[in-house]
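In: predicted model and sequence follow; I will ask about them next.
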Amino acid sequence: MVGKIKGTGSYRPVQVWDNAKLSHMMETSDEWIRGRTGIGQRHIASRGETVAYMAARAAGEALRDAEVRPEEIDLILVSTMSAERIMPCAACEVQKLIGAVNATCFDLNSACTGFLLALNTAQAYLGQQIYKRALVIGAEVLSHLTNWQDRSTCVLFGDGAGAVVLEAEEDAVYVQATHSIGKGGEALTCTSRNQPEFAEKDADISASYMQMDGKEVFKFAVSKVPEVIFEVLEKAGKTKDEIRFYMLHQANQRIVSSVAKHMKEPLEKYPMNIERLGNTSSASIPLLLDEWKKRGKLNPGDWIVLAGFGGGLTYGASLMRW
């Protein structure tokens, strides 16, 4: 048994910050940001738009799209690194908000690769016939982890959530490969504020914001993402010509373009929405999937590769038939 995507959903915060707004907050410009990232705007969560709230909104859309009732869901997985609460987990909060009373719930944290690993985890449960239907969600409020005076990082990130409903089927196809490089983890870090040193009155909380070595992350992504995609294609016995879309984590337009160049594939096979949403970490792949589905870009039988990469360092790719 393999989980097949039966429905998709998404949520984007109402508030939008374009590059012009950031140029009034720090020394930067629309030209500088677009030239280095391809980003023109990002959605920023307002009070009340928590990880769990956005995840539940995306989940509700996905359930309606799949024509599945909340109580028919057996498993809820939320991938996030920015939940406001340590407990209860965001997945349990989603269960409460949507009424999925029969679901087992837990969160995963693997930064920008998180949705892909959550999808793999759900596939393991469905493949063993432990559960029949799963709700897999990527949701992030990265604006709470961003230093809005550090233009090397803050121009990249946005908030949002995306979700998919999986249902176990006998004829579905799903092939995956994932890897981790722990020794490279210092290239992308964020320290929890739940530390004794942050309790002091004049504590320096700068370490609790995302810190990134942009050059190292870029080199990591453009070398490892093509490598793991080719690994998945080889596992599945597929060629590049058979792939309709490569749906990559939306970290940076230059990274996606470089991956396409390394793979000698046309950029048209790499959908992007980073110009409007920025880097939403584990929410980026399901947000992109939902957008492409709503735009009628995905056809039954299409072969699609999903690829994620990010903090850890972690990276992976999955092949599915739509």
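Out: Done, it's in.

In: who are the neighbours of the helix or strand harbouring I304, in terms of helices and strands?
Out: Assigned by DSSP states H and E, I304 belongs to strand 303-310. For strand 303-310, the elements it packs on are helix 114-127, helix 214-236, strand 243-248, helix 284-294, strand 314-321, judged by 3 or more CB pairs under 8 Å, 6 or more residues apart in numbering; DSSP states H and E. C-beta coordinates here come from the backbone N, C-alpha and C atoms, glycine included.

In: let's see 7 Å
Out: Contacts defined by 3 or more CB pairs under 7 Å, 6 or more residues apart in numbering; DSSP states H and E place strand 303-310 against helix 114-127, helix 214-236, strand 243-248, strand 314-321.

In: what angle do it and strand 243-248 make?
Out: Here strand 303-310 runs at an angle of 20 degrees relative to strand 243-248 (axes from the mean of the first three to the mean of the last three CA atoms, to 10 degrees).

In: and strand 303-310, which strands flank it?
Out: Using DSSP bridges, the strands paired with strand 303-310 in its sheet are strand 243-248 (parallel), strand 314-321 (antiparallel).

In: point out where the stretch 151-300 of the chain drops to low pLDDT.
Out: Residues of the stretch 151-300 of the chain meeting the criterion pLDDT under 70: none.

In: count of neighbours near I33?
Out: 22 (other CB atoms under 10 Å).

In: so it, which of the three states?
Out: Here I33 is helix, with the state taken from DSSP: H, G, I helix; E, B strand; the rest coil.

In: between the two ends of stretch 162-182, what distance do you get?
Out: 27 Å (CA to CA, to the nearest Å).

In: in it, what counts as buried?
Out: Across stretch 162-182, burial judged by 16 or more other CB atoms under 10 Å covers 162-168, 172, 174-179.

In: could I get the helices and strands packed on strand 303-310 as a markdown table with mean neighbour count and distance to I205?
Out: Converted to a markdown table, these look like this (neighbours: other CB atoms under 10 Å; distance: least, CB to CB, whole Å):
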| stretch | mean neighbour count | distance to I205 |
| --- | --- | --- |
| helix 114-127 | 23 | 24 |
| helix 214-236 | 18 | 22 |
| strand 243-248 | 21 | 32 |
| strand 314-321 | 24 | 26 |
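
In: the strands paired with strand 303-310: which one's closest to T37?
Out: Among these, strand 243-248 comes nearest to T37, with 14.4 Å by CB to CB.

In: which is the succeeding secondary structure element to that closest one?
Out: Under the assignment DSSP H and E, the closest C-terminal helix or strand after strand 243-248 is helix 253-263.

In: re earlier: now, the buried residues of stretch 162-182 that are in strands?
Out: 162-168, 174-179 (DSSP state E).

In: make JSON lines out of these and add distance to C92.
Out: Shown next, in JSON lines, are those (distance: CB to CB, whole Å):
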{"residue": "G162", "distance to C92": "19"}
{"residue": "A163", "distance to C92": "16"}
{"residue": "V164", "distance to C92": "19"}
{"residue": "V165", "distance to C92": "18"}
{"residue": "L166", "distance to C92": "19"}
{"residue": "E167", "distance to C92": "22"}
{"residue": "A168", "distance to C92": "23"}
{"residue": "Y174", "distance to C92": "26"}
{"residue": "V175", "distance to C92": "31"}
{"residue": "Q176", "distance to C92": "26"}
{"residue": "A177", "distance to C92": "30"}
{"residue": "T178", "distance to C92": "25"}
{"residue": "H179", "distance to C92": "30"}
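
In: that's all I had, so thanks and see you.
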